[in-house]
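Enquirer: How does the following fold in three dimensions:
(chains A, B, C and D)
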Number of protein chains: 2
Amino acid sequence: MRPSRKSPNGTTKDLPPEREPLATVIGGTELQIAYRMGYVLNFYREPSFRRIEMELGLTRPEIVTLIFLNFREGVTASEICEFSGHLKANISRGIIALEKKKLIRRAADKTDSRRQQLFMTAAGRALYARYIPALRERERAMLACLTRAERNEFERLLDKLAAHVPQWAALDEL
Amino acid sequence: MRPSRKSPNGTTKDLPPEREPLATVIGGTELQIAYRMGYVLNFYREPSFRRIEMELGLTRPEIVTLIFLNFREGVTASEICEFSGHLKANISRGIIALEKKKLIRRAADKTDSRRQQLFMTAAGRALYARYIPALRERERAMLACLTRAERNEFERLLDKLAAHVPQWAALDEL
DNA sequence: ACCAGAAAGTCTCATATGAGACCATCTCGA
DNA sequence: TCGAGATGGTCTCATATGAGACTTTCTGGT
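Expert: Numbering: from 1, shown residues only, chains lettered A, B, ... in the order given. Coordinates of the predicted model:
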């Protein structure tokens, strides 16, 4: 079960005919958009992340911490929490583990000694370089069915949604 | 940390100025679209699901199983796996737990005694009715920043992406 | 300058999860 | 009709995770 669906010969399997309606109707009455986002994202992200976990021995918080550090060094644990959606306890554990593996380096923030800035090591960068291409390639495959114009529009809409997250994310009464 | 961001008085807090650039640039170099999808979806889904887990004592596989059964009774565990992205072991556990709580009912499939069709009980329907409105409302809030036209277009693009998932999801070499 | 409260990060404990073995049943080709 | 392989579902074990307590440091109002 799950994302990997290969027939014995390794080629993609045709969906059994009786299953099609389920695929198309699913979520038809409730949570249409949210359901579809989750559906697509799951198939994009889970297999890749599981693979990284198994092959490189990283946990999810460790993976995303390296992703964050790759594009901005010096961020703190709480910033990673803020934008990754992981709980701070898990990011904390991940950071401790990454440091133990010499993949990142920690430095106390001069202006606020509670904080610690994080930096990648060469080893960290090398490990990151080993798993990011597959993620990029898989993102490309996910989006391949859209035209360039559609992709741009999709990205624009996602940007808009992302920008407005703070306006409703705090409504945890819902 | 995490989705809930309330200031002491309970109103939404303005983002600290130095954090804004991080939010906007994040994912700017890699996985732009996938990152944003994950970001938005996390803030939509996690708080709601955590809340349901805590208040109603359901696990995630149990939650999604009820959601699936709500709109189509008689589905099997493997169909739920197929479309929910959960591992079959977890769905299996969830189903066993749901039956134990009398929220669903199982019936052996006449034509294939390996399979078992699943049905909601009145209690299951009642419990579902207790948590789905919050999810609906939260989806509405998430999408509130889009115009109606944009929402339609977003949904159309998601449909297209979802329909093409089978074409690339099997590529687990990536 | 002080104190109450917020924030950063770490820790503990119980639980949910992922991986994969396992059994029973079904399917399909020889 | 038989047997090999696929499929549906369950189980076990190790691990990752969520909740929340706790410590230390910072901040803002008085």
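Enquirer: where do the helices sit along chain A?
Expert: A:20-25, A:32-56, A:60-71, A:77-84, A:88-100, A:122-143, A:148-169 (DSSP state H).
Enquirer: How about the fifth one, which residues are buried there?
Expert: If you call a residue buried by 16 or more other C-beta atoms under 10 Å in any protein chain shown, then helix A:88-100 has these buried ones: A:90, A:91, A:92, A:94, A:95, A:97, A:98, A:99. Yep, even glycine has a C-beta here, placed from its N, CA and C like the rest.
Enquirer: Check which helices and strands that helix is in contact with.
Expert: helix A:60-71, helix A:77-84, strand A:104-108 (3 or more C-beta pairs under 8 Å, 6 or more residues apart in numbering or on different chains; DSSP states H and E).
Enquirer: could you check the angle helix B:32-56 makes with the second one?
Expert: Using axes from the mean of the first three to the mean of the last three C-alpha atoms, to 10 degrees, the interaxial angle of helix A:77-84 with respect to helix B:32-56 works out to 100 degrees.
Enquirer: same question, the last one
Expert: Following the same axes, to 10 degrees, one obtains 70 degrees for the angle between strand A:104-108 and helix B:32-56.
Enquirer: if we can go back for a sec, tell me the one of the buried residues of helix A:88-100 nearest DNA strand C?
Expert: Of all those, DNA strand C sits closest to residue A:92, with 3.4 Å by C-beta to the nearest atom of the strand.
Enquirer: Who are the contact partners of the closest residue in space to the closest one that isn't next to it in sequence?
Expert: For residue A:92, ignoring the flanking residues on the chain, the nearest one in space by C-beta to C-beta, 6 or more residues apart in numbering or on different chains is residue A:77 at 6.0 Å. Residue A:77 makes contact with A:88, A:91, A:92, A:95, A:116, A:118, according to C-beta atoms under 8 Å, 6 or more residues apart in numbering or on different chains.
Enquirer: 6 Å - rerun?
Expert: A:91, A:92, A:95 (C-beta atoms under 6 Å, 6 or more residues apart in numbering or on different chains).
Enquirer: Distance of the residue nearest to the last one when sequence neighbours are not counted relative to residue A:93?
Expert: Pointing back at residue A:95 there. If the residues on either side of it in the chain are set aside, residue A:95 comes closest to residue A:77, at 5.7 Å by C-beta to C-beta, 6+ apart. For residue A:77, the distance to residue A:93 equals 10 Å [C-beta to C-beta, to the nearest Å].
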